[in-house]
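>>> Requesting a structural model of the entry that follows:
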Amino acid sequence: MNSGKTILVVDDEAKITEVLKAYLEKEGFRVLSAESGTQALRLFASESPALVMLDLMLPDLSGEDVCRAIRRNSQVPIIMLTAKVEEESILIGLGIGADDYVAKPFSPRQIVARVNAVLRRAQGETLSASQIYSFENGRLVIDTTGHKVTKNGQSIPLTPNEFKILSAMARHPSKIFTREELIAVALGDEFEGFDRVIDTHIKNIRQKIEDDSKNPHYVRTVHGIGYKFGGEA
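Residues are numbered from 1 along each chain as shown. Below is the predicted model of the structure:
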């Protein structure tokens, strides 16, 4: 399953990259490593990895800066490696486009499991049957076959998790989703983290698809319960 898939590991601690490289290669991945943000971006541009594992504490650029740079041009899955276990630090990382996080110290086997889970989600294996959903006479279009969202004919660059949340809500516009249900949709049942992660993803989606993110039309809050989709087919 993993044969030929390239993973870029970005960490300035050689012991960590060596351990991750050994475990991931055993799973059939091709592994590249970078010790700095600058080197990571250079390798990312030349090698087009299927997934990036990114330490937040780097000697030149911060991991957050590297994540932002990647997200300007790509929606490739990104897993943060972080010693910053505070909730706000993790939410910031997820808010700028990371798909998951692993706190140090970690089990290499846990890393392998997270990598496989994130790749499965990115490939859309958890989505239901492919379909195109159109709202307001084509103003907003969600294509689950091509994993694309357009608004007024313009492509909207959603991360894999943002796409899964939006498409799940659009498939069931009358349903009110709790945070726990959206976590299961986007992050999987194995996710162990903060339910505020969903609020961060919702905020990002609104900033990308709404005319006014403060007064959302498509992704609406149902106070005390969760969120629902408000577009009309």
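>>> contacts, neighbours, all on C-alpha from now
OK.
>>> quick one, what contacts residue 10?
Residue 10 sits next to 17, 33-37, 40, 52-55 when contact means Cα atoms under 8 Å, 6 or more residues apart in numbering.
>>> OK, contacts around the residue nearest to the spatial centre of the chain?
In the chain, the centroid-proximal residue (Cα atoms, centre = their mean) is residue 99; its distance is 2.7 Å. Residues in contact with residue 99 (Cα under 8 Å, 6+ apart) are 77-80, 118, 159-161.
>>> how much space between the residue of the chain most remote from its centre and residue 81?
Within the chain, the residue lying farthest from the chain centre (Cα atoms, centre = their mean) is residue 137, at 28.9 Å. For residue 137, the distance to residue 81 (Cα to Cα, to the nearest Å) stands at 43 Å.
>>> List the buried residues for the worst-scoring helix or strand of the chain on mean pLDDT?
The helix or strand of the chain with the poorest confidence is helix 87-95; it has a mean of 72 (mean pLDDT, DSSP states H and E). Residues 90-91, 93-95 are the ones in helix 87-95 that count as buried (16 or more other Cα atoms under 10 Å).
>>> And stretch 41-49, by the same measure?
Neighbour-count burial for stretch 41-49 flags 41, 43-44, 49 (criterion: 16+ other Cα under 10 Å).
>>> Tell me how far it lies from the chain's centre.
Its chain's C-alpha centre and that of stretch 41-49 lie 18 Å apart, by Cα atoms, centre = their mean, to the nearest Å.
>>> next one: stretch 70-83
7 Å.
>>> Please, where are all the helices along this protein?
For the chain, the helices defined by DSSP state H occupy 14-26, 37-47, 63-71, 87-95, 108-122, 160-171, 179-186, 196-209.
>>> Could you quantify the relative orientation of the fourth one and helix 160-171 as an angle?
In this structure, helix 87-95 runs at an angle of 80 degrees to helix 160-171, with axes from the mean of the first three to the mean of the last three Cα atoms, to 10 degrees as the basis.
>>> any residues touching helix 87-95, and which ones?
The list of residues contacting helix 87-95 from outside it, by Cα under 8 Å, 6+ apart, reads 64, 80, 84, 100-101, 194, 196-197, 200-201, 204.
>>> before we move on, what about the last one?
Residues from elsewhere that reach helix 196-209 (Cα under 8 Å, 6+ apart): 91, 94-95, 151, 156-158, 161-162, 166, 179, 182-183, 212-213, 216, 218-219.
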